[in-house]
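Participant: sequence? don't have it. structure:
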């Protein structure tokens, strides 16, 4: 998993609440178990017209936000089904950070397992970030995970909280397999002891 230390990029605003995982990545894209290639399906029902052309009104189709790395979104983002394809699609598009006042629990945890930093902020701080994100090409935010800060385009800084274990895993690029491998020597030693006792 790719480490998350710092990130500087354009933030795209989506002032919509209760965006569920089916809107993030619709069901027709769930046939694959590959993590790549799903970016084209991200928000497809909002991004594309019925004829397959880009919807010019959708934020990620506007020139200023086509290369956005950060999403600033409404409350309860990622609700609905538990599909892990949702963070896969975000990551494949290039989104590394999502900021909201709240997330669905399963989606929130799936983000961390896939190298995406999901940040919870207060409604007041979210409004400030929406205002920053609505500046178009000047909507650049800087995220520092170690310092737990978000710096806006004018230099103003917000602090955010994060669980220490989640922070450690993101900083070091550790998913559940990576965490297990960190303890490989202890696991090998334990299995060797079992073998000595004839229990293995």
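Facilitator: Great, that's in hand. Computed from a predicted structure; not experimentally measured.
Participant: from memory residue 151 sits against residue 157, does it?
Facilitator: Yes. When contacts are counted by CB atoms under 8 Å, residue 151 is listed as touching residue 157 (5.0 Å). C-betas here are computed from N, CA, C, even on glycine.
Participant: who has more neighbours, those two?
Facilitator: Taking neighbours as other CB atoms under 10 Å, residue 151 and residue 157 compare with residue 151 leading, 17 against 11.
Participant: Now that one: closest residue in space that isn't a chain neighbour?
Facilitator: Of all residues not flanking residue 151 in the chain, residue 142 sits nearest, at 4.3 Å (CB to CB, 6 or more residues apart in numbering).
Participant: what's the distance between the helix or strand containing the one you found and the middle of its chain?
Facilitator: Secondary-structure assignment from DSSP states H and E places residue 142 in strand 140-144. Computed by CA atoms, centre = their mean, to the nearest Å, the chain-centroid distance of strand 140-144 equals 14 Å.
Participant: partners of that strand in the sheet?
Facilitator: Applying DSSP bridges, strand 140-144 is found paired with strand 6-14 (antiparallel), strand 149-151 (antiparallel).
Participant: rewinding a little: for beta bridges, what are the partners of the residue nearest to residue 151?
Facilitator: residue 8, residue 151.
Participant: Let me know whether it touches residue 11 as I believe.
Facilitator: No. Using CB under 8 Å, residue 142 is not in contact with residue 11, being 10.1 Å away.
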